[in-house]
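Student: everything below, folded, please.
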Amino acid sequence: MSLKLISAALCCISLTTLAEEATTSEEKSPYTASAELGMLFKTGDTKSADIKAGFDLAHELDAWKSTLQLDLLVKKSEDDAEHFVTSDQKWTAVGQTNYTLDDTSPNYIYGNVSYEDNRFSSFDNQSSVSAGWGRRWYETKDTTLDADIGPGYKRDVVRQTALQDEETNSAFIVQAQALYTHQLNEHVLFKQLLVAKYAPKGGENSTYKAKTSISTKLIETLQLKFSITLDYNTEVDDDKENLNTETAMTLVYSF
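Tutor: Numbers count the residues shown, from 1 in each chain. Down below sits the predicted model:
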């Protein structure tokens with residue numbers, strides 16, 4: 001009888017241990033990540049190849065939430081000598097950390113850094129830092145709206161041309177941004193991002209960005225993403241456009 005009780009106790013201990021291990025393994029990781037890739041090849045009268053890649057990493061634990069976004073765009077086109085040359089190249093990196101002030105409040109403070117290298121723009125590179133206050137203004141089961149604002153500092157390196165040397169312009173800015181997300185249904189997610197970096201002093205460059213995207217889930221970890229991005233600079237060279245647009249369709253893998 002004692003042996004039976006001991007055996008039963010050991011079985012219960014083993015089952016409890018397995019249950020605890022299963023619960024531990026099922027705990028949600030504070031990290032989420034996704035990678036996206038899109039390619040377009042054209043042949044015939046004109047030949048070109050476009051590659052767009054991106055990587056998003058997020059870490060959320062307790063009151064802290066941090067995100068890192070990397071994007072790369074490369075375009076190669078055939079010239080008159082039938083050689084492929086790079087006709088567009090841009091990569092960006094944006095990082096932000098939010099700290100929620102308390103459990104009962106939707107308010108947070110943030111720090112943001114960004115860097116962009118655009119080979120065919122008026123600028124060799126553009127970078128900025130900003131810190132301030134933000135708030136989750138709206139939240140339901142399917143929808144969120146976050147917005148923040150704060151002072152910052154921006155640095156633009158103007159590209160060297162035949163008429164002018166390389167020049168570095170720095171300015172204090174007011175940065176405001178908003179992110180709206182809406183889960184249209186189980187498989188479709190809509191996102192709208194708006195970012196403004198306003199330089200109050202006259203003659204200094206201000207930048208504005210709007211990015212709209214719709215992602216459709218193909219399988220559990222794979223989505224098809226369609227996005228439109230608008231970039232606007234107030235001060236550019238005479239031969240450059242103030243507004244640049246980018247339309248892309250990519251596959252996104254989440255892990």
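Student: so what's Asn125 bridging to?
Tutor: On the basis of DSSP bridges, Asn125 is bridged to Val157.
Student: contacting residues around it?
Tutor: Neighbour list for Asn125: Tyr115, Glu116, Asp117, Asn118, Asp156, Val157 [criterion: Cβ atoms under 8 Å, 6 or more residues apart in numbering]. Yep, even glycine has a C-beta here, placed from its N, CA and C like the rest.
Student: show the buried residues in those.
Tutor: Glu116, Asp117, Asn118, Asp156, Val157 (16 or more other Cβ atoms under 10 Å).
Student: adding distance to Asp231 and pLDDT, write those out as JSON lines.
Tutor: Converted to JSON lines, the buried ones among the contacts of Asn125 look like this (distance: Cβ to Cβ, whole Å; pLDDT from 0 to 100):
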{"residue": "Glu116", "distance to Asp231": "9", "pLDDT": "95"}
{"residue": "Asp117", "distance to Asp231": "13", "pLDDT": "93"}
{"residue": "Asn118", "distance to Asp231": "9", "pLDDT": "87"}
{"residue": "Asp156", "distance to Asp231": "13", "pLDDT": "93"}
{"residue": "Val157", "distance to Asp231": "17", "pLDDT": "92"}
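Student: Serialize the contacts of Asn125 to JSON lines and add fields for distance to Trp64.
Tutor: Shown next, in JSON lines, are the contacts of Asn125 (distance: Cβ to Cβ, whole Å):
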{"residue": "Tyr115", "distance to Trp64": "22"}
{"residue": "Glu116", "distance to Trp64": "26"}
{"residue": "Asp117", "distance to Trp64": "29"}
{"residue": "Asn118", "distance to Trp64": "31"}
{"residue": "Asp156", "distance to Trp64": "31"}
{"residue": "Val157", "distance to Trp64": "32"}
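Student: name the nearest of the residues you listed relative to Ser215.
Tutor: Glu116 (23.2 Å; Cβ to Cβ).
Student: farthest-separated two in the buried ones among the contacts of Asn125?
Tutor: Pairwise across these, and taking Cβ to Cβ, the largest span is found between Asp117 and Asp156, at 11.9 Å.
Student: run through the stretch 1-150 of the chain and note the low-pLDDT ranges.
Tutor: 1-26, 42-47, 80-82 (pLDDT under 70).
Student: which parts of it are helices?
Tutor: 2-25 (DSSP state H, counting those that start in this stretch).
Student: now the strands: where do they sit in it?
Tutor: Applying DSSP state E, counting those that start in this stretch to the stretch 1-150 of the chain gives strands spanning 31-42, 48-61, 64-78, 84-100, 107-118, 123-139, 143-158.
Student: redo these as a markdown table? Include distance to Asp237.
Tutor: Listed next are the strands of the stretch 1-150 of the chain as a markdown table, based on distance: least, Cβ to Cβ, whole Å:
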| stretch | distance to Asp237 |
| --- | --- |
| strand 31-42 | 28 |
| strand 48-61 | 24 |
| strand 64-78 | 20 |
| strand 84-100 | 16 |
| strand 107-118 | 13 |
| strand 123-139 | 9 |
| strand 143-158 | 8 |
